[in-house]
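Asker: Need coordinates for the below:
(one chain, ligands or ions: 1)
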Amino acid sequence: MRKPVIAIDGPVGSGKSTLARRVAALLGYVYVDTGAMYRAMALKALRRGAAMGGAETSSTRTLEALASETRIDLRAEDGGQRVLLDGEDVTGAIRTPEVAQAASKLAVVPGVRAVLVAEQRRAGARGGVVMEGRDIGSVVFPDAELKIFLTASPDVRAERRWREHQQKGEAIGLERTLEEIHERDRRDRERTSSPLVCAPDAVVVDSTAMEPEEAARLVAMLARSRAAEISR
Ligand code: DC
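Answerer: This is a model prediction of the structure:
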């Protein structure tokens, strides 16, 4: 019996990763964080000193070539995921504000997206997966059995991101974190190739005043009822 694909999209700091991880654990599905793939690509581009600004054709071509010669593997681990970039474990190295900004710049390049989207489709082809990102319900799996668009107020999103930076000992202020998420949101929403949009058939979940466990139970319940529907 085929298990559903659950697509979770939303802006920076909406709580996608926490939600997707918990839902995957509740259902026994595989968790896939697609942002980690864009981050891993961005880390490689930063290390190579590749330019990532604007739409210059030469930098676009360099990034597309880089994407086609890169191997990114996602390994499930303890309800989370490890990220291997050309065989190197970069799980921790991709979680910096610098890599996050570079990932959102690199994510505007259609050729880079095409390579990563193909990988993501392979990862979810058999179903039984909770995949989070920006374009999962709109582009990667437009036929996903359940689509969630997760939101939260900008202040709450900035605070969540800021706490994560604090825990890692990164010196970045709340104001700067708010600016950073606005900047990334704008780029994610305004790019022409697969922008962040709420798919028309997505269920919108506002996590501003919700406990993570509450949101996870709600989504797991919706997923179970979709799974029952498709098995009929
Ligand atoms: O979810 P995240 O913050 O780790 O993602 C990093 C960047 O990658 C984000 O700013 C936009 C991009 N991204 C994307 O364009 N499409 C996805 N499916 C996932 C991430």
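
Asker: low pLDDT regions in this protein?
Answerer: In the predicted model, the chain carries pLDDT under 70 at residues 53-58.

Asker: hey, where'd the strands end up in it?
Answerer: All strands of the chain, identified by DSSP state E, fall at 5-9, 30-33, 72-77, 80-85, 88-89, 129-133, 146-151, 203-206.

Asker: Could you say which of those is packed most deeply?
Answerer: Per residue and on average, the most neighbours among the strands of the chain fall to strand 5-9, with a mean of 29 (mean count of other CB atoms under 10 Å). Heads up, the C-betas are built off the backbone N, CA and C, glycines and all.

Asker: Using CSV, write down the CA coordinates of that one.
Answerer: C-alpha atoms of strand 5-9 as CSV (Å, rounded to 0.1, in the frame of the first residue of the first chain):
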residue,chain,number,x,y,z
VAL,A,5,4.0,12.2,0.6
ILE,A,6,3.6,15.1,3.1
ALA,A,7,4.8,18.4,1.8
ILE,A,8,5.6,21.1,4.3
ASP,A,9,6.4,24.6,3.0
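
Asker: quick one: stretch 120-140 to chain centroid distance?
Answerer: Per CA atoms, centre = their mean, to the nearest Å, the displacement of stretch 120-140 from the mean C-alpha position of its chain is 10 Å.

Asker: Would you work out how far apart the start and end of it are?
Answerer: Start to finish, the residues bounding stretch 120-140 are 7 Å apart (CA to CA, to the nearest Å).

Asker: The lengthiest helix in the chain versus strand 129-133: what angle between them?
Answerer: Identified as the longest helix of the chain according to DSSP state H is helix 212-231. Orientation check (axes from the mean of the first three to the mean of the last three CA atoms, to 10 degrees): helix 212-231 against strand 129-133 gives 120 degrees.

Asker: Nearest residue to Leu106 in space, please, no chain neighbours.
Answerer: Leaving aside its chain neighbours, Leu106 sits nearest to Ala42 (4.9 Å; criterion: CB to CB, 6 or more residues apart in numbering).

Asker: What separation do you get for the residue lying closest to Ala76 once chain neighbours are set aside and Asp9?
Answerer: Distances taken as CB to CB, 6+ apart place Val30 nearest to Ala76, at 5.8 Å, with adjacent residues excluded. With distances taken as CB to CB, to the nearest Å, Val30 is found 17 Å from Asp9.

Asker: ok so, going back, and for the residue nearest to Leu106, the neighbour number?
Answerer: By the criterion of other CB atoms under 10 Å, Ala42 has 25 neighbours.

Asker: try the one 3 residues further on
Answerer: Summarising burial for Ala45: neighbours were counted as other CB under 10 Å, giving 25.

Asker: again with Arg161
Answerer: Neighbours of Arg161 (other CB under 10 Å): 21.

Asker: so what's it up against?
Answerer: Shown in contact with Arg161 (CB atoms under 8 Å, 6 or more residues apart in numbering): Val12, Gly13, Thr177, Glu180, Ile181.
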